[in-house]
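Novice: got a structure for you, letters missing:
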């Protein structure tokens with residue numbers, strides 16, 4: 001039986017953490033609070049916070065909506081630069 005605990009980091013978790021970090025950085029650069037961003041997206045502040053911490057895997061449509069709210073192309077959130 002497979003163990004639930006892995007000795008190495010799950011690369012998917014790392015991707016979500018990096019996505020959240022990019023969102024947070026762009027949000028702060030725009031001078032927005034999590035509350036401002038959440039309100040513009042009609043999402044809860046708790047959900048935005050979880051996304052920024054890498055605790056949620058937002059659907060594609062949410063990532064695109066976040067990018068639009070931040071005034072940037074979605075590729076800025078998902079591509080390593």
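Specialist: That came through, no problem. As the structure is a computational prediction, the values presented were derived from the model and not from experiment.
Novice: which of the residues in stretch 71-81 are buried?
Specialist: 72, 77 (16 or more other Cβ atoms under 10 Å). For the C-beta atoms, the positions are set from N, CA and C on the backbone; glycine is no exception.
Novice: Quick one: end-to-end distance for it.
Specialist: 18 Å (Cα to Cα, to the nearest Å).
Novice: Which strands or helices does the longest helix along the chain pack on?
Specialist: For the chain, the helix that runs over the most residues, judged by DSSP state H, is helix 11-29. Counting contacts by 3 or more Cβ pairs under 8 Å, 6 or more residues apart in numbering; DSSP states H and E, helix 11-29 is packed against helix 45-52, helix 60-70, helix 75-78.
Novice: List the buried residues for that helix?
Specialist: Within helix 11-29, the residues scored as buried using 16+ other Cβ under 10 Å are 16, 19-20, 22-24, 26-27.
Novice: For the next helix-or-strand element following it, buried residues please.
Specialist: Where DSSP states H and E defines the elements, the next helix or strand beyond helix 11-29 is helix 34-41. Of all the residues in helix 34-41, those buried under the rule 16+ other Cβ under 10 Å are 34, 37-38.
Novice: got it, and stretch 48-66?
Specialist: So stretch 48-66, judged by 16+ other Cβ under 10 Å, has buried residues 48-52, 54, 56, 58, 62-63, 65-66.
Novice: ends of that stretch, how far apart?
Specialist: 10 Å.
Novice: average model confidence for that stretch?
Specialist: The average pLDDT for stretch 48-66 rounds to 97.
Novice: ok, residue 57 - contacts?
Specialist: Neighbouring residues of residue 57 by Cβ atoms under 8 Å, 6 or more residues apart in numbering: 12, 16.
Novice: Now do the SS call for it.
Specialist: Following DSSP: H, G, I helix; E, B strand; the rest coil, the label given to residue 57 is coil.
Novice: Return the backbone torsion pair for it.
Specialist: Phi and psi for residue 57, reported as degrees, to the nearest 10, are phi -110, psi 90.
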